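S.K.: Have a look; sequence and predicted model below, questions after that.
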Amino acid sequence: MNGLLFIDDEEGVRRSIARALKKEPYKTYTVRNGEEGIRFIEEHIDNISIVISDYKMPGLNGLETLSSIGVINPEIIRIILTGYATMEAIIINNNII
């Protein structure tokens, strides 16, 4: 497991992250929503060690997505990245991640 999966509904953000992490010593994958992220993890469970997800996305939000990924593999490091959520929202929902 040495890959990173980045989940964000904004294409420009996904491209920027992929470009910024291009020289890092791990493979970076990007998907556009929570459902795609969950499917990706199911199909590549042995290749991903970190998942970073935007909080606010259409369909599943980042907390729901990371919670589902944690059920699939609790060893995956899961990180929320957002400009919308409050710290209170993350603390209240922390028990589901």
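M.R.: That came through, no problem.

S.K.: Other residues contacting stretch 12-26?
M.R.: With contacts defined as C-beta atoms under 8 Å, 6 or more residues apart in numbering, stretch 12-26 is touched by 2-4, 6, 8, 28, 30, 32, 49, 52, 54. (Each C-beta comes from the backbone N, C-alpha and C, glycine too.)

S.K.: If you count contacts, what does the strand ranked longest in the chain end up packed against?
M.R.: Among the segments of the chain that qualify as a strand by DSSP state E, the longest is strand 48-54. In terms of contact count using 3 or more C-beta pairs under 8 Å, 6 or more residues apart in numbering; DSSP states H and E, strand 48-54 is assigned the packing partners strand 3-7, helix 34-43, helix 62-72, strand 77-81.

S.K.: roughly how far is the third one from the heart of the chain?
M.R.: Yep, that's helix 62-72 we're talking about. A distance of 9 Å separates the C-alpha centroid of helix 62-72 from that of its chain, computed with C-alpha atoms, centre = their mean, to the nearest Å.

S.K.: what's the average pLDDT for that helix?
M.R.: Per-residue pLDDT values over helix 62-72 give a mean of 95.

S.K.: Mind exporting the C-alpha coordinates of that helix to PDB?
M.R.: The C-alpha trace of helix 62-72 is given here as PDB (Å, rounded to 0.1, in the frame of the first residue of the first chain):
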ATOM      1  CA  GLY A  62     -16.700  13.500   2.600                       C
ATOM      2  CA  LEU A  63     -17.600  12.200   6.100                       C
ATOM      3  CA  GLU A  64     -20.000   9.600   4.600                       C
ATOM      4  CA  THR A  65     -17.400   8.600   2.100                       C
ATOM      5  CA  LEU A  66     -14.600   8.300   4.500                       C
ATOM      6  CA  SER A  67     -16.800   6.400   6.900                       C
ATOM      7  CA  SER A  68     -17.700   3.800   4.200                       C
ATOM      8  CA  ILE A  69     -14.000   3.500   3.200                       C
ATOM      9  CA  GLY A  70     -13.100   2.900   6.900                       C
ATOM     10  CA  VAL A  71     -15.600   0.000   7.000                       C
ATOM     11  CA  ILE A  72     -13.900  -1.500   3.900                       C
END
